[in-house]
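Novice: no letters, just coordinates:
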């Protein structure tokens, strides 16, 4: 009844008090019919019926007010319950975060402490392999602290983004040049596809307004993930294309898809891949290193650019990460002229 109109609610209340209203109307009618024969008694009866009618109407109004107040109280109760649930969830996340930080920082620091103590006690000699182990553990801690700070500033909206006009074809070419040598060394084939879904004519180019440093970090996280989880003989496919809002439109989205033929992710883990400190069971089982913050940072960067990110995967069938960022097509000649004029 909370979604009914005022007229519908009034009809419901009148149905609810139908008998009382009928009796009141009958009493009034009886008083009018007999007032001519018993002048002294029936005027009082008529007044009584009128007062009873007013009482019924007042009762209907009070019932309506009670219904509205009940609805308001229920909404307030639901809002309080939602806020309470959110507070409990945040507190649980805070406790989990502290536990995760303690564990992630504690593990490498315990190793560093053990090696340094062994060196001081003369149990081991200051050989390069031990110094290298200590150095690697310290680097792990530094990376963890840096990623935590970066993620916190993103989530608190305290990180400045330097949005610039980026030529996507040139940007993707730089990504290919950057990661092709590493893929080759790892025995992984890197394939890059551009403009598959109608990126316009040869006279047009796709651009986005974005922070190039942050975008570079997105590809660093996604491509490096693909390399880590794909063995020699596997492949990585990077697809970059323009998806118009409707056919022929010059406004739309830059769609990027990075697929690998690696380990894949279980259905149970898929829902958690963008959570901070999350590492899949496959990664832990195979001893693949990582802080578990890269994908959480990637998601924040994409969202700060007004985009969305997602993932599909299955164990032993590879993984595909994809994201969308607002983009547009522009004329190459006009863009070149504007760059020349801007440089004068």
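Specialist: Received, thanks. This structure is a prediction, so every number in the text was calculated from the model and none was measured.
Novice: got the buried residues for the longest strand along the chain?
Specialist: Counting residues, the longest strand in the chain under DSSP state E turns out to be strand 319-331. Within strand 319-331, the residues that count as buried by 16 or more other CB atoms under 10 Å are 319-325, 327-330. (Glycine included, C-beta is placed from N, CA and C.)
Novice: got CSV for the residues you listed, with distance to residue 171 too?
Specialist: Below are the buried residues of strand 319-331 laid out as CSV (distance: CB to CB, whole Å):
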residue, distance to residue 171
319, 23
320, 20
321, 17
322, 17
323, 14
324, 16
325, 11
327, 11
328, 15
329, 15
330, 15
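Novice: just curious, which of these is nearest to residue 248?
Specialist: residue 329 (10.3 Å; CB to CB).
Novice: distance of the closest one from residue 255?
Specialist: 13 Å (CB to CB, to the nearest Å).
Novice: spit out the residues that contact the two alike.
Specialist: residue 242 (CB atoms under 8 Å, 6 or more residues apart in numbering).
Novice: tell me the domain ranges of the chain?
Specialist: As assigned by automatic domain parsing, the chain contains the domains 6-82, 96-155, 164-343.
Novice: of those domains, flag the one that's most buried.
Specialist: Mean neighbour count (mean count of other CB atoms under 10 Å) peaks for domain 164-343 among the domains of the chain, with a mean of 17.
Novice: pLDDT on it, on average?
Specialist: Mean per-residue pLDDT for domain 164-343: 85.
Novice: give me the distance from it to the chain's centre.
Specialist: 18 Å (CA atoms, centre = their mean, to the nearest Å).
Novice: may I ask which helix or strand encompasses residue 173?
Specialist: helix 168-185 (DSSP states H and E).
Novice: so what strands line up beside the helix or strand just after that helix?
Specialist: On the C-terminal side of helix 168-185, the closest following helix or strand by DSSP H and E is strand 189-194. Note on strand 189-194: by DSSP bridges, its sheet partners are strand 235-244 (parallel).
Novice: immediately after the partner strand, which helix or strand?
Specialist: That would be, after strand 235-244 and using DSSP H and E, strand 251-260.
Novice: what is that following strand packed up against?
Specialist: helix 212-229, strand 235-244, strand 319-331 (3 or more CB pairs under 8 Å, 6 or more residues apart in numbering; DSSP states H and E).
Novice: what packs against the longest one?
Specialist: Packed against helix 212-229, as judged by 3+ CB pairs under 8 Å, 6+ apart, are the following elements: strand 164-167, helix 168-185, strand 235-244, strand 251-260, helix 294-304, strand 319-331.
Novice: strands paired with the last one, and their directions?
Specialist: Partner strands for strand 319-331, per DSSP bridges, with pairing direction: strand 204-210 (antiparallel), strand 251-260 (antiparallel), strand 308-313 (antiparallel).
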